[in-house]
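Peer 1: model this:
(2 chains)
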Amino acid sequence: MDFVTPLLIAAISAGTPLLLATLGGILNERAGILQLGAEGLMLMGAVTTCIVFIRTENLGVALLASVGVTALFGLIHAFLCITLRANQTMSGLAMTLFGSGFSAYLGKSISGNPLPGVLPRLHLDFLKPVPVIGDIFGNLDVLTWLSFVLVIVLHLLIHRTSWGLHLRAVGDSPATADVMGVHVRLIRYGYVTIGAMLIGLAGADMVLTVAPTWNEGLTAGRGWIAVGLVIFARWNPVRALLCAYFFGALDSLGFRMQLLGSAIPPYFLKMIPYVVTILVLMYLGYRNRNKPSGTPESLGVPYVREQRF
Amino acid sequence: MKQRGRAFSLSFMLLFVLAVVLAGCGGNNTGGNAGASSEPAATATAGASAGASAQPSGEKPKVAFVYIGPPGDGGYTYQHDQGRKAMEAELGIKADAVENVPEGPDAERIITELAQSHDIVFTTSFGYMEQTLSVAKKFPNVKFDHASGFKTADNMGNYFGKNYQASYLTGIAAGKVTKKNHLGYVGAFPISEVIYNLNAFTLGAQSVNPDIKVDVVWTNTWYDPATERQAAISLLDKGADVLLAYQDSPATIQAAAERGAFAGGNDSDMKKFAPDNYLTNPVWNWGPYYTKTVKSVIDGTWKNEQYSGDMADGMIDLAPFGNKVPEDVQKLVADAKAKIISGELNVFTGPISDNQGNEKVPAGKSLTLEEVLGMNWLTKGIVGTLPK
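Peer 2: All right, here's what the predicted structure looks like:
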């Protein structure tokens, strides 16, 4: 194979957990609630998957459990931010800290034990003869396919349905939505919970595809990258896909450059994702200087009926 | 203006939280050690000197360990923790262990706290060397033993092992099972410890298969499965069909198993992660050394030696082979292992040249341990350079 196809395959495999977490963050923030807890939620999703998978040896149950546990975390975040109107930055950071510590505590008993299986893959043999497409899509795991479906579903949901209109209204101008008869709190609760579940799924994906064992802190900061990607993608699921794979490709590119005998030190190659982020943000900022940024206008602002801001 | 005010207060909050977080992280490290560090410092100094003077009479010493990771890492720290447990069982004492201690100022603080209430402190990571030395000077009555470093003091020794002997044996197995004569090495950091293991692995493979070439990538991680997986995939994509990783995570083994390639990890037995694709890898066995050292503290015969374990004394061993490693390969490795144990085979015996064509070890000569520990060149057959 050439240089590009393996890089694309690697980009998808490294980008899928980022994509799932970013989609979760987008749903959260489209509803107007900041989500800085991604790192903690991913770890909770990962540890729950490991514990339940090892105990029950049933992958489906393990995935459901991890989604369930992170839904609970999402509900707590929602309760703090929506009902109690707590500071959303604080609540998110609390999720990250609590999730990191609690997952390490829960995982003590199974740390270092192998998982009893891996994610099933879809072998699409009819794609095999097609040159590049067959190599890329012929042998992907089910969560990767789920992430493709989610991108399309969320894109249509947000931009093409009345539910999406309500979601965007709640995130941009909850007072207006409220006047129009939209149940602001219910919608916010719902999307914060679903968003947390997707982020938990991202954690499950990491342990199931990357290294089949639990170890504390195994996400190594990828939750924070997802928080950045939400902004990078300007709260749009399709752009989220491109951004996640772009970062996935950068994860892999450094090693491929080393193997090509490039004289660039690996320390510099490790810097590339962050340098590129700064450059792209500068470029986008310049190009879109006269357009709205895409930020949900009420992001981070609790909504209280009839309160003036 | 309203918006800006909000942004300001948000960022203030963020800073405040970060401060709390950082403070909290520092506090966390002692969390695993409630028993040891919660002893008041006031009584501790008195206790330490009393303990020191009481040693010759055979009283059980207080022992502490400082770990770089969690004992559940299934790798480096796990093996140290197994060693601690073996020592505890052998001598009937209970040691304290502090896990997840970052190298740097935090380490110095924690080593100081432990020194106040213990008779001997084992610091188990290279990056604790300066901190251990500095604390050792302040607590002359406490013994310190530091893993993998090179500095000592009157009351500070160090210990490590020639794990390159096991890397050489792993290389023999890899050189035999490869079909493409193309191996891949997922290097952690380009430091001498990793370099001499990489070189030994390559020399071992070349000893049975002169056409071997070894590709190497540096991840600059000790445990980041997602990054290590990408490194492994890059090597597989370039054509390597046997991989060895120096990190603790099984990510490389998992990636190789997906492609039907052989792979090994480091530090502990990782066969369980992919029994059919597992090769073997070096493992540590610290128990006998910890038992011996603590015993010498009890007997009052402790000296500040620089101990280097090997396959002969059992500190270094090879993990069990994977299911698909052929019998004759296992036999070949076992023969070489016997020669290493008997001293007949020295891994770094010339002629060895580096991959730039310079002769590094002349024929008939062997490197001294000191030269091995300072190694900063890649042997012939390794594709790649050391990052500058």
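Peer 1: Show me the shaky parts of chain B.
Peer 2: Scanning chain B for pLDDT under 70 picks out the ranges B:1-58, B:388.
Peer 1: Would you map out the domains in it?
Peer 2: B:63-161+B:286-309, B:163-280+B:320-383 (the TED database).
Peer 1: okay if I get these as a markdown table plus distance to chain A?
Peer 2: For glycine as for every other residue, the C-beta is placed from the backbone atoms N, C-alpha and C. Formatted as a markdown table, the domains of chain B follow (distance: least, CB to the nearest CB, whole Å):
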| stretch | distance to chain A |
| --- | --- |
| domain B:63-161+B:286-309 | 3 |
| domain B:163-280+B:320-383 | 4 |
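Peer 1: Can you add mean neighbour count and give those back as a markdown table?
Peer 2: Below are those laid out as a markdown table (neighbours: other CB atoms under 10 Å in any protein chain shown):
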| stretch | mean neighbour count |
| --- | --- |
| domain B:63-161+B:286-309 | 20 |
| domain B:163-280+B:320-383 | 21 |
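Peer 1: Out of the ones you listed, the one nearest A:Ile12 is which?
Peer 2: domain B:163-280+B:320-383 (11.4 Å; CB to CB).
Peer 1: so how far is the first residue of the closest one from its last?
Peer 2: Start to finish, the residues bounding domain B:163-280+B:320-383 are 22 Å apart (CA to CA, to the nearest Å).
Peer 1: Generate JSON lines for the domains of chain B, with distance to A:Cys81 as supplementary columns.
Peer 2: Formatted as JSON lines, those follow (distance: least, CB to CB, whole Å):
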{"stretch": "domain B:63-161+B:286-309", "distance to A:Cys81": "31"}
{"stretch": "domain B:163-280+B:320-383", "distance to A:Cys81": "29"}
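Peer 1: closest one to A:Thr89 among these?
Peer 2: Of all these, domain B:63-161+B:286-309 sits nearest to A:Thr89, with 25.4 Å by CB to CB.
Peer 1: isn't there a helix covering B:Lys228?
Peer 2: Careful, residue B:228 is Glu and not Lys. Yes: counting by DSSP: H, G, I helix; E, B strand; the rest coil, B:Glu228 is part of a helix.
Peer 1: excluding its backbone neighbours, what's nearest it?
Peer 2: Among residues not flanking B:Glu228 along the chain, B:Ala251 sits closest, at 4.1 Å (CB to CB, 6 or more residues apart in numbering or on different chains).
Peer 1: quick one: contacts for that neighbour?
Peer 2: A:Val210, A:Ala211, B:Pro225, B:Ala226, B:Glu228, B:Arg229, B:Ala232, B:Ala245 (CB atoms under 8 Å, 6 or more residues apart in numbering or on different chains).
Peer 1: Phi and psi next, for the last one.
Peer 2: Phi and psi for B:Ala245, reported as degrees, to the nearest 10, are phi -120, psi 150.
Peer 1: quick one: it from B:Pro275, how far?
Peer 2: In this structure, B:Ala245 and B:Pro275 are 17 Å apart, going by CB to CB, to the nearest Å.
Peer 1: what about stretch B:154-163, how long is it end to end?
Peer 2: Terminal residues of stretch B:154-163 lie 27 Å apart, using CA to CA.
Peer 1: typed the wrong thing, it's stretch A:152-172
Peer 2: Using CA to CA, the end-to-end distance of stretch A:152-172 comes to 22 Å.
Peer 1: same check, this time on stretch B:120-135
Peer 2: 12 Å.
Peer 1: Run the chain-centre distance for that stretch.
Peer 2: With CA atoms, centre = their mean, to the nearest Å as the basis, stretch B:120-135 stands 14 Å off its chain's centre.
Peer 1: How about stretch B:228-248?
Peer 2: Per CA atoms, centre = their mean, the displacement of stretch B:228-248 from the mean C-alpha position of its chain is 20 Å.
Peer 1: circling back: between the contacts of B:Ala251, which sits nearest A:Gly138?
Peer 2: Within the contacts of B:Ala251, the smallest distance to A:Gly138 is 19.7 Å, found for B:Arg229 (CB to CB).
Peer 1: quick revisit: and the domains of chain B: which comes nearest A:Asn236?
Peer 2: domain B:163-280+B:320-383 (24.5 Å).
Peer 1: How far away from the center of its chain is the closest one?
Peer 2: 15 Å.
Peer 1: what does the stretch 1-150 of chain A put close to chain B?
Peer 2: For the stretch 1-150 of chain A, the residues found near chain B under the criterion CB under 8 Å from any CB of the partner chain are A:1, A:6, A:10, A:13-14, A:17, A:87, A:89-90, A:93, A:97, A:101, A:104, A:107-108, A:111-114.
Peer 1: Let's see the ChimeraX selection covering just the buried ones among these.
Peer 2: The ChimeraX selection below is limited to those of those classed as buried (16 or more other CB atoms under 10 Å in any protein chain shown):
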select /A:6,10,13,14,17,87,89,90,93,97,101,104,107,111,112,113,114
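Peer 1: Which of the residues of the stretch 1-150 of chain A next to chain B fall in helices?
Peer 2: Using DSSP state H, A:Pro6, A:Ala10, A:Ser13, A:Ala14, A:Pro17, A:Thr89, A:Met90, A:Leu93, A:Leu97, A:Gly101, A:Ala104, A:Gly107 are the members of these that sit in helices.
Peer 1: In space, what's closest to the residue nearest to the spatial centre of chain B - neighbours in sequence excluded?
Peer 2: Ranked by distance to the mean C-alpha position of chain B (CA atoms, centre = their mean), the top residue is B:Tyr76 at 5.2 Å. Closest residue to B:Tyr76 apart from its sequence neighbours, by CB to CB, 6+ apart: B:Asp267 at 4.6 Å.
Peer 1: So the one you found belongs to a strand, correct?
Peer 2: No: counting by three-state DSSP, B:Asp267 is not found in a strand; it is coil.
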